[in-house]
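>>> got a predicted structure here, sequence first:
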Amino acid sequence: MIRRLVVLCAACVFPSAAPAAEQGQVPWRPDGVRAVLRAAPTRVTVGDPIPCAITITVPAGVQAVPPTPRELPGGIRVKFLGLDRTGGKNPPPGEFSYRYDLRIYETGEKRIPSVPVLLQGVAGRSATLDLGGLFFMVESVLDKDAKNI
């Protein structure tokens, strides 16, 4: 059975420019931005591919720049597979999905830390959308009774 872990984050946009807040300016928080982080399955064996996607909906005038790390803490390898444009030829405004392939080479419970997505608007405004993290249970490919490899 495949279990999906979904983190929906429609209202967790955090300002990326702390100095603006310190100067009494109101941080930019774009309306109409929605994002979903999905990965399945969440129970895998060492080295199994884990399809992962960040699906983002943005209004006109806002662009999303998702992360493209090659490795995350805990020995998690990340391969960026590409962009699926579900909102037409030019995604903003619309919905689009960034696809990743994750591989974990250590056993035990693993956590992908918070996933930040940079939002950029007109006039140089920016903010960071925090999608939270994901948890995986990684099991060994060896038999429990195996003593030698």
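Thanks, I have it. Note that this is a predicted model, so its numbers are computed, not measured. Residues are numbered from 1 along each chain as shown.

>>> give me the nearest residue to Val122, chain neighbours excluded.
Nearest residue to Val122 in three dimensions, chain neighbours excluded: Gly61, at 5.3 Å (CB to CB, 6 or more residues apart in numbering). Using the backbone N, CA and C atoms, a C-beta is placed for each residue, glycine as well.

>>> and what of Ile50?
Using CB to CB, 6+ apart, the nearest residue to Ile50 is Leu102, at 4.1 Å.

>>> got a pLDDT number for that neighbour?
Leu102 is assigned a predicted lDDT (pLDDT) of 94.

>>> need the contact list for it.
When contacts are counted by CB atoms under 8 Å, 6 or more residues apart in numbering, Leu102 touches Ala39, Pro49, Ile50, Pro51, Cys52, Ile76, Arg77, Val78, Lys79, Ile112.

>>> quick one on the thing from earlier: and the residue nearest to Val122, how close does it get to Arg77?
35 Å (CB to CB, to the nearest Å).

>>> just to revisit the earlier point, quick one: buried ones out of the contacts of Leu102?
With burial judged by 16 or more other CB atoms under 10 Å, the buried subset of the contacts of Leu102 is Ala39, Ile50, Cys52, Ile76, Val78, Ile112.

>>> now those in a markdown table, with pLDDT, distance to Leu118 and secondary structure?
Converted to a markdown table, those look like this (pLDDT from 0 to 100; distance: CB to CB, whole Å; DSSP: H, G, I helix; E, B strand; the rest coil):
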| residue | pLDDT | distance to Leu118 | secondary structure |
| --- | --- | --- | --- |
| Ala39 | 92 | 20 | strand |
| Ile50 | 95 | 23 | strand |
| Cys52 | 94 | 18 | strand |
| Ile76 | 88 | 21 | strand |
| Val78 | 93 | 17 | strand |
| Ile112 | 85 | 18 | strand |
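
>>> can you give me the helices for the chain?
18-22 (DSSP state H).

>>> show me the shaky parts of it.
Low-confidence segments of the chain (pLDDT under 70): 1-26, 86-93, 144-149.

>>> and for Gly32, nearest residue in space, chain neighbours not counted?
Nearest one to Gly32, counting by CB to CB, 6+ apart, is Pro59 at 4.0 Å.
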